[in-house]
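A.B. asks: based on what follows, work out the 3D shape:
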Amino acid sequence: MLPNPVLAAIAVASTIGAVVWGRSSLRLLRAARRAEAAVAAGSGAGKESAQLLRSAFQKELHTTVLYALVAATNLIASLADGFAFDVPRLLVLLPVGYSVAFSGRLLKDAQALEDRSRLDRRIEEILAQEQLAPARWADRLAPEDLPHIEGLEIGHVYQSGEGAMAGDFYDLFPTGASRVAAVIGDVAGHGIEPSITAFQVKYLLRVFLRQYRDPAQAFEELNKLMSAGSRPEDLVSMCAVVFDSEASTLRIASAGHPAAWIWHDGEVRGLRATGPLLTLDPDADYHSREVSLDPGDLLLLYTDGLAEARAGGQLFGEDRIAGILRRDPGADVHALCKTLLEAARDFATGPLSDDVAILAVRRT
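C.D. replies: All right, here's what the predicted structure looks like:
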């Protein structure tokens, strides 16, 4: 029978604690040595990370020694009676003394760890914002919610391609008491620069389309302005359509954009470009054409990412787009846009690499 079974139990528990903390300190020691070796080699973790790992190892080692001494002293004390055998328990004062002697350094290291934690949290916040930024930016260029316009049914869909930022956009807004403009466009390239250009073009065109009744004149003014201030590689294809409910017409101008398709008088017709890409020539001329618009007529606009979906060397193409519209011109405008996108996805042998924007407008 042990003279002090309680102390023996404490010794066993402390031994387990020492083993656990010992394994943890060994892991930290290996990590600290790797970090220090990387610093010495001039690569990998920074000097601060190596120091923090070394500090964490020392704290774990301190705890390991403390548990080991508590286990040893309680084991000795549990095997014998008498005050003399309680003396080894005073060895516990050694790690206590270490804690007091190095308290300043320990507190400094703890502060460094807290600062590092704050920095890590800040980095996580920045990364989260960077992940949200492209989606929010795309929502400005191709919003999910478009205004309700009396007398028109509006369908639209947008899918981003490769890369974080997009250059495709569409817009719908009133320009007068009886006039509404629908716009779709695409800035060449991928990344932040084309996205900024797309944003500028979209909102500058709003100003010009409210100032000029003819979209071709708005294009000419926009082209002069963008050519004077934009980068040469920021080529823009765009199509603008002004619907006039009083005149029952639409007026369309296209700056090097893929053909728009209109369902009118029981047939599908293509409305092709009426001028070159924006910023290609600052003195370029643009013209528009006017088309009658009856109830039930539908206009389909899209960016080149739809027509250029690829299956090997074969393109999805404008004819397939027109064919889908021709098969069911009375389809719901939202369903039509989704059908076109799904057809392009099914046709392509891989994911669509370019952005795709589709806008369908039907007169009711």
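
A.B. asks: Ala72 - that's part of a strand, no?
C.D. replies: No: per DSSP: H, G, I helix; E, B strand; the rest coil, Ala72 lies outside any strand segment and is helix.

A.B. asks: now do it, the pLDDT please.
C.D. replies: Per-residue pLDDT puts Ala72 at 76.

A.B. asks: numbering from 58 from now on, please.
C.D. replies: In the new numbering, first residue 58, that becomes Ala129.

A.B. asks: how many other residues sit next to it?
C.D. replies: Using other C-beta atoms under 10 Å, Ala129 has 18 neighbouring residues. (Each C-beta comes from the backbone N, C-alpha and C, glycine too.)

A.B. asks: what about it, distance to Ala68?
C.D. replies: As judged by C-beta to C-beta, to the nearest Å, Ala129 and Ala68 stand 8 Å apart.

A.B. asks: same deal with Gly74?
C.D. replies: Gly74 is 11 Å from Ala68, where distance means C-beta to C-beta.

A.B. asks: which one of those two has more residues nearby?
C.D. replies: Using other C-beta under 10 Å, the more surrounded residue of Gly74 and Ala68 is Ala68, with 20 against 17.

A.B. asks: what about the more buried one, which SS state?
C.D. replies: What three-state DSSP gives for Ala68 is helix.

A.B. asks: next up, the contacts around it.
C.D. replies: Neighbour list for Ala68: Val127, Ala128, Ala129, Asn131, Leu132, Ser135 [criterion: C-beta atoms under 8 Å, 6 or more residues apart in numbering].

A.B. asks: so what's the second one up against?
C.D. replies: For Ala128, the contacting residues are Ile67, Ala68, Val69, Ser71, Thr72, Gly74, Ala75, taking C-beta under 8 Å, 6+ apart as the criterion.

A.B. asks: recalculate using a threshold of 7 Å.
C.D. replies: Listed by C-beta atoms under 7 Å, 6 or more residues apart in numbering, the contact set of Ala128 reads Ala68, Ser71, Thr72, Ala75.

A.B. asks: look up how far Arg80 lies from it.
C.D. replies: Using C-beta to C-beta, Ala128 is found at 15 Å from Arg80.

A.B. asks: and what of the first one?
C.D. replies: Going from Val127 to Arg80 by C-beta to C-beta gives 18 Å.

A.B. asks: so between the two, which is more surrounded?
C.D. replies: Shown here are Val127 and Arg80; by other C-beta under 10 Å, Val127 has more neighbours (21 against 12).

A.B. asks: since we're on the residue lying closest to the more buried one once chain neighbours are set aside, how many residues are nearby?
C.D. replies: Of all residues not flanking Val127 in the chain, Ser71 sits nearest, at 4.3 Å (C-beta to C-beta, 6 or more residues apart in numbering). Ser71: 20 surrounding residues under other C-beta under 10 Å.

A.B. asks: likewise Val299?
C.D. replies: Other residues close to Val299 by other C-beta under 10 Å number 24.

A.B. asks: next one: Gly79
C.D. replies: Residue crowding around Gly79 was assessed by other C-beta under 10 Å; the count is 17.

A.B. asks: then the residue nearest to Val127 would be within a strand, right?
C.D. replies: No: judged by three-state DSSP, Ser71 forms no part of a strand; its state is helix.

A.B. asks: what pLDDT is listed against it?
C.D. replies: So Ser71 comes in at 72 (pLDDT).

A.B. asks: quick one: it and Ser82, what's the gap?
C.D. replies: Relative to Ser82, and taking C-beta to C-beta, Ser71 is found at 16 Å.

A.B. asks: okay, now the unreliable bits of the stretch 158-307 of the chain?
C.D. replies: 158-178, 180-192, 219-222, 287-290 (pLDDT under 70).

A.B. asks: do a quick rundown of the strands in it.
C.D. replies: For the stretch 158-307 of the chain, the strands defined by DSSP state E, counting those that start in this stretch occupy 209-216, 225-231, 236-244, 293-301, 306-312.

A.B. asks: possible to save the ones you listed as TSV with distance to Gln257?
C.D. replies: Converted to TSV, the strands of the stretch 158-307 of the chain look like this (distance: least, C-beta to C-beta, whole Å):
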stretch	distance to Gln257
strand 209-216	19
strand 225-231	10
strand 236-244	9
strand 293-301	10
strand 306-312	15
